[in-house]
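Novice: Have a look at this fold, sequence not included:
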DNA sequence: GCCTAAGCGAGACGGTACGTCCCGTCTTAGT
DNA sequence: ACTAAGACGGGACGTACCGTCTCGCTTAGGC
């Protein structure tokens, strides 16, 4: 995910173990130090690796942390609890649980902040994290449409637009609740939130929404 | 806003002009350099002020940027456009417009990220930015209740809970749209978003919600 | 000694007590901190005086320390022990004793070092310290001539030249012994030194020397 | 001379050129600015070296200047002019000439002053400067004894004591003449001084002195 | 099995910013 | 006019990391 160099034929190959060690060390350092006090020299030391090895594989702190955090979200799944409401509550709770971990909190918002001035970084975040998780919304919608809880697709454009809106609302609300309001996104809150969201979506005048 | 020292009786008083110059210089530097390349030495130079003067008033970059960004949001107002939907669309658009400014983009998420490991900073953000703007939600609800668009209060606890939820949804969605999705929160998006939000709130089983 | 301002007629007169307090505080700070860590702000605090008061009277650290150290040497006297040798041993021991005090050690060499690039400071040192103590050599020579231990003067020029040479030898040797060799200029050493000095002077081919 | 670290096996070795450049830059800065206005940042810049490189090798200004000045004295030699008197005059003149150079004047007394409160610095001065030059006294005495101008050694203890005394007298007198009296230690002065010194030594009651 | 090119650890390198300390000046109010 | 208090613009400090470089050593693949 991180190494873009096309892997030359000759010479000593890069150690695969180093990659994993570095990413793990990065998360460990995020937990202990937070984003701003995390230094690449320290990560290298924790990983038992020279700084040069680290720089050979990642361009800098931003890219490294994106990759380290992205792995956290790969464990997200959409549970099948029988109803759309329950499915949403389930996945939102899991999302909130990941976001409550200090390595996610510390790292994620920081790279998003950095990405406001770095198009390539923004793209990397989108590719590694955002778009990878949008599958959850797609799956959820499809499953709900099968169950008849949501009307079928009206067109690819509208669908994409709606998915994006939902994603912004869901991810945004959980992030805001967790990081800004600094209150736990617990079962009660998720139930309230899901009620508003589903109600807002189901009765929409816009078809398919 | 920044200086908590009780202003001693004796000695040369602190220059009021310096405060304004420093905050303006901070926003200027945020625009030009972004959060991570902003340095306090540079801000001091831009403000025509010594570094010591800056450090005498703010504990560090985080606190300074919170204050500098907070001023941006003070211009937010709730327009009276006749209906709740129109009011919300108006204020969300204005909020989005502020958030689209580079000094807000660059600075806001960064201090939120920092605040995940700094309780005092989180409190400062809440006091200077979040709670100050929650008045908009209160005003909007009151106005809508006068108009009969929303049922009257059922109790102070429920009301606070609902305000918080609304704030998390609104602020979260706009921020996510703007910074993570990196798409403009323009009139079309705001209209879609407002429809979902109002629908979700109006028909709620929870009274007053 | 320190204040050169001609004392204007009108307004509140300067506190005389402040001068003494400042010089005493300077010596105290020299003992505790040494020259390089002595700061004028600290001296002012120790003296219970504002920084402005201090700067109104002395141009800077150098001048202040010269005055503070000069007072130490004013207690030097030439004892009358009956013979030139005994007189010299006596005064050299007293000189060594003063130089052994930390406030003298720390301060004196430092201002001498500074004076290598500051003509006015060199002049101040000469006036406040060196020339004031040269009287001891003159007195000793005169006394020895009365006793017939040294031949009478041959001329003012030669005399001055000889006094200067003696002063350089005596002061130089004691300072070097104390500060560079960092050995005590005790009775044994002074006896050896005096023997060499007197022998060198008494039998000189140059008359009067 | 400055670096005591035993030179680790691994990693990039320290640049030898940097050492020389730094010491030369230090002397240059001493000439232009003098001790008190010399800054390590400026020295680093002049040497075309980063501040960290400088701090990696020297603990601070004091140690750096000792090394920079010590090199000046390494060129000192004892000329063989046939007689003890002429030898002494020759070496004292050369010593005076070095001491007259602004980089020596500025630096030497300052580090001596600092050394009054810093045992390690005093030791460094002794090792780098004083003891290295004491060889001149030893050589001179040996040569004079060969010639029969001085009686042979009586014992190692007495010899050391005498060498120390001579060194304190010679170095002290020249330094005092140059820095405190601020008069040149020229041929006339050196002739007078040497006469007194030799006379004082030759006829001593203490054998070997 | 040997060659060789890349990878590796270590750590020095030129730099930048940090946050602190002190400088010497100034602006208050109070004596 | 003096004082104490303390903020001011400024400069250097010594430290921490940055990202690059230069070492000598390791290691696997292609010959």
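Specialist: Cool, the structure landed. Only a predicted model underlies this, so the values are computations on that prediction, with no experimental measurement involved. Numbering: from 1, shown residues only, chains lettered A, B, ... in the order given.
Novice: use CA for all of it now, contacts and neighbours both
Specialist: OK.
Novice: Neighbours of residue A:76, how many?
Specialist: Close neighbours of residue A:76, defined as other C-alpha atoms under 10 Å in any protein chain shown, add up to 16.
Novice: Check residue A:172 too.
Specialist: Applying other C-alpha under 10 Å, I find that residue A:172 has 23 neighbouring residues.
Novice: give me every residue that touches the residue nearest to the spatial centre of chain A.
Specialist: Among the residues of chain A, the one closest to the centroid is residue A:129, at 4.1 Å (C-alpha atoms, centre = their mean). Going by C-alpha atoms under 8 Å, 6 or more residues apart in numbering or on different chains, residue A:129 touches A:70, A:73.
Novice: Where does chain A get nearest to chain C, residue-wise?
Specialist: Nearest residue of chain A to chain C: residue A:37, at 32.4 Å (C-alpha to the nearest C-alpha).
Novice: Report the secondary structure state of that residue.
Specialist: coil (DSSP: H, G, I helix; E, B strand; the rest coil).
Novice: and the gap between it and residue A:31?
Specialist: As judged by C-alpha to C-alpha, to the nearest Å, residue A:37 and residue A:31 stand 11 Å apart.
Novice: And residue A:88, by the same measure?
Specialist: Distance from residue A:88 to residue A:31, by C-alpha to C-alpha: 28 Å.
Novice: Please work out how many residues are found near the residue of chain A found nearest DNA strand F.
Specialist: Using C-alpha to the nearest atom of the strand, the closest approach of chain A to DNA strand F is made by residue A:39 at 3.4 Å. Residues within reach of residue A:39, counting by other C-alpha under 10 Å, total 15.
Novice: Check residue A:180 too.
Specialist: Residue A:180: 22 neighbours (other C-alpha under 10 Å).
Novice: Can you tell me the closest non-neighbouring residue to it?
Specialist: residue B:112 (6.6 Å; C-alpha to C-alpha, 6 or more residues apart in numbering or on different chains).
Novice: Excluding covalently adjacent residues, which one is nearest to the residue in chain A that chain D sits nearest to?
Specialist: Closest to chain D within chain A is residue A:50: 11.1 Å, counting by C-alpha to the nearest C-alpha. Nearest non-adjacent residue to residue A:50, counting by C-alpha to C-alpha, 6+ apart: residue A:44, 5.8 Å away.
Novice: any idea how far the one you found is from residue A:24?
Specialist: Going from residue A:44 to residue A:24 by C-alpha to C-alpha gives 11 Å.
Novice: Quick check on those two: which one has the bigger neighbour count.
Specialist: With neighbours defined as other C-alpha under 10 Å, residue A:44 and residue A:24 compare such that residue A:44 has more, 22 against 18.
Novice: so where does the more buried one fall, helix or strand?
Specialist: Using DSSP states H and E, residue A:44 sits in helix A:40-47.
Novice: Residue A:11 too?
Specialist: Using DSSP H and E, residue A:11 sits in no helix or strand.
Novice: Tell me the pLDDT of it.
Specialist: Listed pLDDT for residue A:11 reads 83.
Novice: One more: the one 3 residues further on?
Specialist: At residue A:14 the predicted local distance difference test score is 87.
Novice: Need phi/psi at it.
Specialist: The phi and psi values for residue A:14, taken as degrees, to the nearest 10, are phi -70, psi 140.
Novice: what about it, neighbour count?
Specialist: With other C-alpha under 10 Å as criterion, residue A:14 counts 12.
Novice: Okay, buried residues for stretch A:120-127 please.
Specialist: For stretch A:120-127, the buried set under the neighbour-count rule, 16 or more other C-alpha atoms under 10 Å in any protein chain shown, comprises A:121, A:122, A:123, A:124, A:125, A:126.
Novice: what about chain A, any weak spots by pLDDT?
Specialist: For chain A, the stretches flagged by pLDDT under 70 are A:1-9, A:203-209.
Novice: Which helix or strand lies directly C-terminal to the longest helix anywhere in it?
Specialist: Longest helix in chain A by number of residues (criterion: DSSP state H): helix A:156-175. As assigned by DSSP H and E, the chain's next helix or strand after helix A:156-175 is helix A:187-202.
Novice: Not counting that following helix itself, show me its contacts.
Specialist: Contacts for helix A:187-202 (C-alpha under 8 Å, 6+ apart): A:85, A:88-89, A:92-93, A:150, A:209, B:165, B:195-201, B:203-204.
Novice: Please compute how far stretch A:129-140 lies from its chain's middle.
Specialist: 9 Å (C-alpha atoms, centre = their mean, to the nearest Å).
Novice: just to revisit the earlier point, neighbour-wise, which of residue A:37 and residue A:31 wins?
Specialist: Neighbours were counted for residue A:37 and for residue A:31 using other C-alpha under 10 Å; residue A:31 has more, 19 against 11.
Novice: ok, and the closest non-adjacent residue to the more buried one?
Specialist: That would be residue A:103: by C-alpha to C-alpha, 6+ apart, it lies 4.9 Å from residue A:31.
Novice: ok, the one you found - how many residues close by?
Specialist: 24.
Novice: who's in contact with it?
Specialist: So residue A:103 contacts A:27, A:28, A:30, A:31, A:34, A:69 (C-alpha under 8 Å, 6+ apart).
Novice: Surely residue A:111 and residue A:62 touch.
Specialist: Yes: using C-alpha atoms under 8 Å, residue A:111 is in contact with residue A:62, at 6.0 Å.
Novice: In terms of packing, which of the two has more residues around it?
Specialist: Ranked by neighbour count (other C-alpha under 10 Å), residue A:111 and residue A:62 place residue A:111 first, with 25 against 21.
Novice: Tell me who's in contact with that one.
Specialist: A:62, A:65, A:66, A:121.
Novice: any shared contact partners between residue A:111 and residue A:62?
Specialist: Joint contacts of residue A:111 and residue A:62 (C-alpha under 8 Å, 6+ apart) are residue A:121.
Novice: In this structure residue A:64 contacts residue A:25, no?
Specialist: No: counting by C-alpha under 8 Å, residue A:64 does not reach residue A:25; the two are 10.7 Å apart.
Novice: returning to what we had before: okay, the residue of chain A closest to chain C and DNA strand E: tell me how far apart.
Specialist: To DNA strand E, residue A:37 is 11 Å away according to C-alpha to the nearest atom of the strand, to the nearest Å.
Novice: what's the answer for residue A:127, then?
Specialist: 25 Å.
Novice: sec struct for that residue, please.
Specialist: Per three-state DSSP, residue A:127 ends up helix.
Novice: tally of neighbours for residue A:36?
Specialist: 15.
Novice: OK, contacts around it?
Specialist: With C-alpha under 8 Å, 6+ apart, residue A:36 has these contacts: residue B:114.
Novice: For it, give me phi and psi.
Specialist: According to degrees, to the nearest 10, residue A:36 has phi -70, psi -20.
Novice: same deal with residue A:152?
Specialist: According to degrees, to the nearest 10, residue A:152 has phi -70, psi 170.
Novice: distance of it from residue C:136?
Specialist: Between residue A:152 and residue C:136 the distance is 113 Å, computed by C-alpha to C-alpha.
Novice: Which one's more surrounded, those two?
Specialist: Taking other C-alpha under 10 Å, residue A:152 and residue C:136 do not tie; residue C:136 has more neighbours (19 against 16).
Novice: burial count for the residue lying closest to the more buried one once chain neighbours are set aside?
Specialist: Closest residue to residue C:136 apart from its sequence neighbours, by C-alpha to C-alpha, 6+ apart: residue C:78 at 6.1 Å. Residues near residue C:78, counting by other C-alpha under 10 Å, number 17.
Novice: got it, and residue A:160?
Specialist: Residue A:160, neighbours per other C-alpha under 10 Å, totals 12.
Novice: quick one, what contacts it?
Specialist: Residue A:160 touches nothing, counting by C-alpha under 8 Å, 6+ apart.
Novice: circling back to that earlier point, tell me which residues of the longest helix of chain A are tucked away?
Specialist: A:159, A:162-175.
Novice: try stretch A:101-109
Specialist: A:102, A:103, A:104, A:105, A:106, A:107, A:108, A:109.
Novice: Report the contact partners of the fourth one.
Specialist: Listed by C-alpha under 8 Å, 6+ apart, the contact set of residue A:105 reads A:99, A:179, B:113, B:116.
Novice: I am finished for the moment; much appreciated.
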